[in-house]
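>>> Could you work out the structure for the sequence below:
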Amino acid sequence: MPRLQNVVDGILLVDKPQDWTSSDVVCCVRGRFHLSKVGHCGTLDPLATGLLILLLGKATRLQDRLMGEDKVYEGSLRLGVETDTEDVTGQEIARHDASSVSLEALCMAAQSFLGEIEQIPPMVSAIKKDGRPLYKLARKGVTIEREPRKITIRAFDIQEANLPDASYRVACSKGTYIRTLCADLGRKLGCGAIMTALRRTHSGRFDVADAVTMEQIKSFDLEALRQAVLPLERVLEDDALRHD
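Residues are numbered from 1 along each chain as shown. Down below sits the predicted model:
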């Protein structure tokens with residue numbers, strides 16, 4: 001006899017750990033609590049940590065609205081290196097001397113990305129071409145032309161630096177690839193750059209400080225899960241969502 005599905009409606013804020021995919025988190029929550037409907041708002045790469053919004057039950061209808069909200073990230077980058085994934089997980093394809101880049105030049109270059117800009121999505125991404133994710137083509141060594149997309153960078157602040165390494169904070173619109181932003185910054189400086197760490201701290205009005213960890217989730221029973229979930233009624237009190 002098939003197992004009965006539990007019904008939970010609302011939003012669960014999760015602090016995704018490194019090396020988990022967003023789908024891993026969804027599958028864990030769905031399977032552990034036998035839920036019929038679980039979705040998420042905005043994929044985080046396995047390298048990235050931080051806020052992943054899970055939508056449970058009837059809350060899945062809010063996916064488009066919540067995914068469309070601005071995000072805030074913190075992370076680190078390294079100058080003088082290029083990889084095929086634009087981050088530290090990829091294969092190195094070039095190395096350059098970045099010793100002439102000053103902190104002032106780095107900060108000025110970062111500020112030049114503020115406002116509405118066009119960004120070419122990376123090949124290693126979930127964007128689909130003829131129904132196939134680009135990352136699957138990239139694994140086969142295939143590179144195709146990608147159309148640039150308009151994004152908005154509201155903040156790109158260099159916080160600390162021990163060059164060639166630096167940490168940053170980015171506030172941006174949906175659809176922004178932070179590793180591509182780091183790589184574009186390196187290209188602007190003429191020395192290349194890769195993203196070495198990334199953490200999503202905010203998505204819209206939601207804060208990672210209010211999220212639960214996967215270790216906590218693994219210790220929850222169904223009632224504990226219900227207590228951790230933001231009820232759908234509470235979420236809908238937000239005026240921006242009420243007029244959905």
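>>> Pull up the distance across stretch 58-71, start to finish.
The first residue of stretch 58-71 is 23 Å away from its last residue (CA to CA, to the nearest Å).
>>> and what of stretch 206-225?
One end of stretch 206-225 to the other measures 18 Å (CA to CA).
>>> mind listing what the residue nearest to the spatial centre of the chain touches?
Centroid-nearest residue in the chain: residue 44, 3.8 Å away (criterion: CA atoms, centre = their mean). Each residue near residue 44 by CB atoms under 8 Å, 6 or more residues apart in numbering is listed here: 16, 22, 50, 52, 198, 200. C-beta here means a position set from N, CA and C on the backbone, and glycine is covered the same way.
>>> how near is it to residue 119?
According to CB to CB, to the nearest Å, residue 44 stands 18 Å off from residue 119.
>>> For residue 84, grab the count of nearby residues.
Look at residue 84: counted by other CB atoms under 10 Å, it has 17 neighbours.
>>> Name the member of the contacts of residue 44 with the most neighbours.
residue 16 (26 neighbours).
>>> Find the residue closest to residue 68 in space, skipping its chain neighbours.
residue 174 (5.4 Å; CB to CB, 6 or more residues apart in numbering).
>>> isn't there a strand covering the one you found?
No: Residue 174 is assigned coil when assessed by DSSP: H, G, I helix; E, B strand; the rest coil, not a strand.
>>> gap between it and residue 95?
33 Å.
>>> Tell me which of these two has more neighbours.
Between residue 174 and residue 95, counting by other CB under 10 Å, residue 174 is the more crowded of the two (16 against 11).
>>> Show the contacting residues for the more buried one.
Contacts of residue 174 by CB under 8 Å, 6+ apart are 42, 67, 68, 69, 70, 71.
>>> Which of those fall in helices?
residue 67 (DSSP state H).
>>> quick one: which of the contacts of residue 174 has the most company?
residue 71 (24 neighbours).
>>> wait, isn't that residue in contact with residue 205?
No: contact criterion CB atoms under 8 Å: residue 71 and residue 205 do not qualify, at 11.8 Å.
>>> ok, now which ones touch the nearest residue to residue 220 once chain neighbours are set aside?
With sequence-adjacent residues excluded and distances taken as CB to CB, 6+ apart, residue 220 is closest to residue 228, at 6.9 Å. Residue 228 is in contact with 12, 212, 216, 220, counting by CB under 8 Å, 6+ apart.
>>> Could you tell me whether the first one really is in a helix?
Spelled out, it's residue 12. No: counting by three-state DSSP, residue 12 is not found in a helix; it is strand.
>>> Compute the first-to-last residue distance for stretch 93-103.
OK, stretch 93-103 end separation, CA to CA: 25 Å.
>>> and it, how far out from the chain's middle?
Its chain's C-alpha centre and that of stretch 93-103 lie 26 Å apart, by CA atoms, centre = their mean, to the nearest Å.
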